[in-house]
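*Asks:* Okay, here's the prediction I keep looking at, along with the sequence it came from:
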Number of protein chains: 2
Amino acid sequence: MKFDVGDKQSLTAQVYKQLRNDILEGRYETGTFLVETKLAEELGVSRTPIREALKQLELEDLVISIPNRGVTVQGISKPDIDDIFTIRHLLEGQAAYWAAQRINQEQMDQLTETIALMDMYTTKNDAGNLARLDSQFHDTIFAASNCRTLKHILTSLHQNVQRARRSSLSIPERTHKSTEEHHAIFEAIQAHDAQRAKELMEAHIMNVKK
Amino acid sequence: MKFDVGDKQSLTAQVYKQLRNDILEGRYETGTFLVETKLAEELGVSRTPIREALKQLELEDLVISIPNRGVTVQGISKPDIDDIFTIRHLLEGQAAYWAAQRINQEQMDQLTETIALMDMYTTKNDAGNLARLDSQFHDTIFAASNCRTLKHILTSLHQNVQRARRSSLSIPERTHKSTEEHHAIFEAIQAHDAQRAKELMEAHIMNVKK
DNA sequence: CAAGAAAAACATGTATACAATAAAACAAAA
DNA sequence: TTTTGTTTTATTGTATACATGTTTTTCTTG
C-alpha cells in the first residue's frame, strides 16, 4: 500500500488515518510492536511521518510508547466501548446543556438545516447520508457548547465508536427513533431549555449504546 | 535557556514540559506563532524535538496548527478553567463510581497510604507535600477506575488546572476541609459504595473550584 | 556444557539537509 | 494609485544521516 504525494493531505495525516483505522479495525494484535522502519517501508514514506502519526496515536491512547523500545498497539476492547459510551453520555449531556445556553444564530441555522436533511433521508432510508448527518448534528452541538476542551474530547471519542454508531443506524427501526430523538434535542436547544436538552441527549446516547 | 542531554528524559519531553508550562503561565500572547527554528535556537536543540513537542501540545489543544503555516498558541482563559472544572466534576465523579466497584488490593493499599500521609502533612500545614499527595490521591482513583480513556482525559485536565488547585490548597482553612473530603471519599470507596463515592467526589471538585 | 562478557544487530532519539508551500516584497501595467 | 503577476524569502513538510541505547547473538572461559 503506497501513499501518494499528490493527495492534498500531508503524508503524516494520511499515515495517521491509515494506522488508526487499522488499529480500530483490529488488524493488529494487542501488544504488537509497530516498528518505524518497517511501517515506513510498507507505506512507502520516510520515518518522519510515521513517527509523527505514532505520536498522535499515543496521545489518543491507541498505542503505548515505551522509551527507546518502540510503541505497541493497545486497540480498543468491548468493555472499553461500553465505558466510552458512559463517558460520552455524561459529556454530550453537558455539551447539549451549554449549547442550549450559548448557541449562536449561525450554528442554529446549521442545526436547522441538518435536521431538515435528516428528515428527508429518513424517509428515503439512506443510511449512508444519515450517518454523515448524525456526525454533523453532534459536531455542531459540540461547537455550540463553546468549550474547546469539551469539543476536543468528544470529537476524539466520537471517532472511536464510529463503527458502533454506524451499525446502530443500519437498523431501520432505530433510524426512525434516532431521528425523532434528534428532533426533540433540537427543539430543546431552540427553546434554550438547557436542562431538557441535557436529559434528552443523555437518553439518546444510551439508546444508541443498546 | 539550554537543555541538557544528561537529563534522563528525552529532549522532546523536556521541550514539551517547558513549552506547556510557558503557555499555561500565560507567557505567550494568544495567537503568537511558535516558529520551530526560533524555538530550536532558543532552547539549544534541533527542530525535531520541537516539532514532536508541538504535536503533543496540539493534541491537548493548547496550540492550533495551520497546515504549512505554523502553530499558534491558544492558551487557557478564565472561563475555560471554569468549564474544565465542570467537566472534571462529571468525569471524576464517574471515576470514583467505577473505582468503588473495580479497585484492587494494591490500589486500595496505595490510597490508604496516601490518606495517612495527608493526615500527617495536614497537621504540619505542609502545602507542598499536600499538593503532591492530592495529585497522587486522584491519580490512584483514575487508575482504579480501570478505564484507560477516562484516566487519560483526566490526567490531562488535571495538569491544566494545576495552578488553580495549588492556590486553593495554600488556604489553610481549605486544607483541612479538603483532607476531610478526601477521607470521606476514601471510606466510600473502601465500602464499595459507588453512588456515594461519586456524589462525594462531585462535591469535592466543586468545592475546590470555589 | 553453562555462564557471563563482548560484540553485532537493530530500534529509537536527534540533527541536518533538501523539497514544497505560502506569505511578503516588489515590479510593471492599467 | 491600484491592481496584478513575478520574485524572493521565510517556514513547514519530508527524507536521510548519525548518535544513543537495548536486545540478541556469539564467543570466550571456567
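*Replies:* Nice, I can see it. It should be emphasised that the depicted structure is a prediction, and the values quoted were computed from it without experimental measurement.
*Asks:* need the residues of chain A near DNA strand C, please.
*Replies:* A:33-38, A:47-48, A:51, A:65, A:67-71 (CB under 7 Å from any atom of the strand). C-beta coordinates here come from the backbone N, C-alpha and C atoms, glycine included.
*Asks:* Which ones, among the residues you listed, also lie beside DNA strand D?
*Replies:* When contact is defined as CB under 7 Å from any atom of the strand, the residues of chain A next to DNA strand C meet DNA strand D at A:Arg47, A:Thr48, A:Asn68, A:Arg69.
*Asks:* Quick check: the gap between the residue of chain A found nearest chain B and A:Phe33.
*Replies:* With CB to the nearest CB as the measure, A:Leu59 is the residue of chain A nearest to chain B, at 3.9 Å. Per CB to CB, to the nearest Å, A:Leu59 is found 19 Å from A:Phe33.
*Asks:* Out of the ones next to DNA strand D among the residues of chain A next to DNA strand C, which end up buried?
*Replies:* Neighbour counting over these (16 or more other CB atoms under 10 Å in any protein chain shown) leaves no buried ones.
*Asks:* can I get those residues in a markdown table with pLDDT?
*Replies:* A markdown table is the format used below for these (pLDDT from 0 to 100):
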| residue | pLDDT |
| --- | --- |
| A:Arg47 | 95 |
| A:Thr48 | 95 |
| A:Asn68 | 90 |
| A:Arg69 | 91 |
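*Asks:* quick one: which of those is nearest B:Ile185?
*Replies:* A:Arg69 (36.4 Å; CB to CB).
*Asks:* Which pLDDT value does the model give the residue of chain A closest to chain B?
*Replies:* We have a pLDDT of 84 for A:Leu59.
*Asks:* and the one helix or strand A:Leu54 maps to, which residues are buried?
*Replies:* In the assignment (DSSP states H and E), A:Leu54 maps to helix A:47-59. Neighbour-count burial for helix A:47-59, counted by 16+ other CB under 10 Å, picks out A:Pro49, A:Ile50, A:Arg51, A:Glu52, A:Ala53, A:Leu54, A:Lys55, A:Gln56, A:Leu57, A:Glu58, A:Leu59.
*Asks:* ok, residues contacting the helix or strand that it is followed by?
*Replies:* Under the assignment DSSP H and E, the closest C-terminal helix or strand after helix A:47-59 is strand A:63-66. For strand A:63-66, contacts defined as CB atoms under 8 Å, 6 or more residues apart in numbering or on different chains pick out A:Ile23, A:Leu34, A:Leu54, A:Leu57, A:Glu58, A:Val71, A:Thr72, A:Val73, A:Gln74.
*Asks:* Mind listing what's buried along strand A:63-66?
*Replies:* For strand A:63-66, burial by neighbour count (16+ other CB under 10 Å) applies to A:Val63.
*Asks:* Pull the contacting residues for A:Leu150.
*Replies:* Counting by CB under 8 Å, 6+ apart, A:Leu150 makes contact with A:Leu91, A:Gln94, A:Ala95, A:Trp98, A:Phe142, B:Asp83, B:Ile87.
*Asks:* Show me these that map onto helices.
*Replies:* Taking DSSP state H, the ones among the contacts of A:Leu150 that sit in helices are A:Leu91, A:Gln94, A:Ala95, A:Trp98, A:Phe142, B:Asp83, B:Ile87.
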